[in-house]
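In: here is a sequence with its predicted model. Questions after.
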Amino acid sequence: MKFTYSPYILPLILAAVVSGWVVIYAWRRRNIPEATALSLMAFAITEWLLGYALEIAGIDLPTKLFWGKSQYIGITLVPLVWFIFSHYYANQNKQIALRYLLLLMRKQPILSCLNRSAPRNFEILPSDLYPANY
């Protein structure tokens, strides 16, 4: 994997550091349900940001494709964990039933992650795809 500097990754890395700090801060207060959900959401956002920064910094096509696919773990988890966090925050005395969580997690996040991480045996992208040299 080869990487190069790009000024576009600086805001992403700064946001990932702030989000990583939120993970640590909220995890220390995990006895509160909102804090656990916030910590998981910040972790998914951190993973998404770091994956995107490394995709931008990548030079060759395999590096860009790997980090582009790795982002989808965070991309698909953020809406789910955001919903859980907002539910806990708005309804502070109510827990989410496990069957509702399984219903939310059943299709979209799992299928999106599997679709993006599966090896491509068929040609979706053109075979002559290469990064542009500037």
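Out: Yep, that arrived.
In: okay, CA-based contacts and neighbour counts for the rest of this
Out: OK.
In: what are the ranges of the helices in this structure?
Out: 9-27, 33-57, 61-90, 98-105, 108-117 (DSSP state H).
In: can I get those in CSV with distance to residue 2 and mean neighbour count?
Out: CSV is the format used below for the helices of the chain (distance: least, Cα to Cα, whole Å; neighbours: other Cα atoms under 10 Å):
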stretch, distance to residue 2, mean neighbour count
helix 9-27, 15, 17
helix 33-57, 8, 23
helix 61-90, 7, 18
helix 98-105, 35, 11
helix 108-117, 21, 15
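In: quick one: closest of those to residue 3.
Out: helix 33-57 (5.1 Å; Cα to Cα).
In: could I get the helices of the chain as JSON lines with mean pLDDT?
Out: Below are the helices of the chain laid out as JSON lines (pLDDT from 0 to 100):
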{"stretch": "helix 9-27", "mean pLDDT": "94"}
{"stretch": "helix 33-57", "mean pLDDT": "91"}
{"stretch": "helix 61-90", "mean pLDDT": "84"}
{"stretch": "helix 98-105", "mean pLDDT": "66"}
{"stretch": "helix 108-117", "mean pLDDT": "63"}
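In: between those, which gets nearest to residue 1?
Out: The nearest among the helices of the chain, by Cα to Cα, is helix 61-90 at 5.5 Å.
In: okay, angle between that closest one and helix 33-57 too, please.
Out: 160 degrees (axes from the mean of the first three to the mean of the last three Cα atoms, to 10 degrees).
In: packing partners of helix 61-90?
Out: helix 33-57, helix 108-117 (3 or more Cα pairs under 8 Å, 6 or more residues apart in numbering; DSSP states H and E).
In: mind giving me JSON lines with those helices and columns for distance to residue 19?
Out: Formatted as JSON lines, those follow (distance: least, Cα to Cα, whole Å):
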{"stretch": "helix 33-57", "distance to residue 19": "5"}
{"stretch": "helix 108-117", "distance to residue 19": "21"}
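In: no more questions from me, cheers.
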